[in-house]
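Q: need a 3D model of the following:
(chains A and B)
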Amino acid sequence: GENVEQHPSTLSVQEGDSAVIKCTYSDSASNYFPWYKQELGKGPQLIIDIRSNVGEKKDQRIAVTLNKTAKHFSLHITETQPEDSAVYFCAPRRSYKLIFGSGTRLLVRP
Amino acid sequence: GAGVSQTPSNKVTEKGKYVELRCDPISGHTALYWYRQSLGQGPEFLIYFQGTGAADDSGLPNDRFFAVRPEGSVSTLKIQRTERGDSAVYLCASSLGVGKTSYNEQFFGPGTRLTVL
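A: Got it, this is the predicted structure:
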């Protein structure tokens, strides 16, 4: 079956610094690559996504880059703020079924 | 507008008991999904409904788990003879629909935390 790995599992940064989380996947048929943010006691919330025909997408302080040849995509958060502290999941898919990574716990230190 | 809602938010039961978890999707969303999230892990797919029918139940762990969506809106996940290993957060999501080239976003509810003692 599909194998999805995220690195790192935990990340601690100083407020204002950048954070990068990487996701690798095994299913070459995956064509949709979202990133979800999950806060304590809440369900995952989509923060950014990218389609397979696009290499990079940016939305204010967050961006996603995709390398389909190498089968990995990354989440970039610039100018981090304490409210960015949460668990982040990648969840590549090729149809309706999201396959989640194991998550990255991001801590932004004020 | 209203998002996906799930009830109860917390459920504590004893081993061997039967439980029902309810999901109210976003109005107008035809696709509904159930996921299970164990502590420290990402959500795992359980079942997907398109309208009233279960289009894919390949993620249900065994025949103690069953889900229905009789009118194509509200869904109930039913677990019989609960075991301690069933303890997890059960998440429901909905989307406008799904198709071959559709990338419909899945909107998640807050989940039901199930604890089996």
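Q: tell me how far stretch B:109-117 is from the chain's mean position?
A: Distance, stretch centre to chain centre, for stretch B:109-117: 11 Å (C-alpha atoms, centre = their mean, to the nearest Å).
Q: one more: stretch A:65-77?
A: Taking the mean of its C-alpha atoms, stretch A:65-77 sits 9 Å from the chain's own mean (C-alpha atoms, centre = their mean).
Q: so does that stretch get close to chain B?
A: No - in terms of C-beta under 8 Å from any C-beta of the partner chain, no part of stretch A:65-77 sits within range of chain B; the closest distance is 13.8 Å. Glycine gets a C-beta too; all of them are placed from N, C-alpha and C.
Q: could you work out the end-to-end span of that stretch for me?
A: 12 Å (C-alpha to C-alpha, to the nearest Å).
Q: go through that stretch and flag the buried ones.
A: A:Thr65, A:Leu66, A:Lys68, A:Lys71, A:His72, A:Phe73, A:Ser74, A:Leu75, A:His76, A:Ile77 (16 or more other C-beta atoms under 10 Å in any protein chain shown).
Q: tabulate those (JSON lines), appending distance to B:Phe65, secondary structure and pLDDT.
A: Below are these laid out as JSON lines (distance: C-beta to C-beta, whole Å; DSSP: H, G, I helix; E, B strand; the rest coil; pLDDT from 0 to 100):
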{"residue": "A:Thr65", "distance to B:Phe65": "38", "secondary structure": "strand", "pLDDT": "96"}
{"residue": "A:Leu66", "distance to B:Phe65": "35", "secondary structure": "strand", "pLDDT": "95"}
{"residue": "A:Lys68", "distance to B:Phe65": "35", "secondary structure": "coil", "pLDDT": "91"}
{"residue": "A:Lys71", "distance to B:Phe65": "32", "secondary structure": "coil", "pLDDT": "93"}
{"residue": "A:His72", "distance to B:Phe65": "33", "secondary structure": "strand", "pLDDT": "94"}
{"residue": "A:Phe73", "distance to B:Phe65": "32", "secondary structure": "strand", "pLDDT": "96"}
{"residue": "A:Ser74", "distance to B:Phe65": "35", "secondary structure": "strand", "pLDDT": "97"}
{"residue": "A:Leu75", "distance to B:Phe65": "32", "secondary structure": "strand", "pLDDT": "98"}
{"residue": "A:His76", "distance to B:Phe65": "38", "secondary structure": "strand", "pLDDT": "98"}
{"residue": "A:Ile77", "distance to B:Phe65": "37", "secondary structure": "strand", "pLDDT": "98"}
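Q: put together a markdown table for those, with distance to A:Arg51 on each row.
A: Shown next, in a markdown table, are these (distance: C-beta to C-beta, whole Å):
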| residue | distance to A:Arg51 |
| --- | --- |
| A:Thr65 | 13 |
| A:Leu66 | 9 |
| A:Lys68 | 11 |
| A:Lys71 | 15 |
| A:His72 | 16 |
| A:Phe73 | 11 |
| A:Ser74 | 16 |
| A:Leu75 | 16 |
| A:His76 | 17 |
| A:Ile77 | 21 |
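Q: what residues are up against A:Tyr96?
A: Counting by C-beta atoms under 8 Å, 6 or more residues apart in numbering or on different chains, A:Tyr96 makes contact with B:Ala31, B:Tyr33, B:Tyr48, B:Asp56, B:Ser95, B:Val98.
Q: and the second one, how many neighbours?
A: Spelled out, that is B:Tyr33. 28 (other C-beta atoms under 10 Å in any protein chain shown).
Q: repeat for the fourth one
A: Using other C-beta under 10 Å, the number of residues around B:Asp56 comes to 16.
Q: repeat that for the third one.
A: Counted with other C-beta under 10 Å, the burial measure for B:Tyr48 works out to 25 neighbours.
Q: cool, thanks, signing off.
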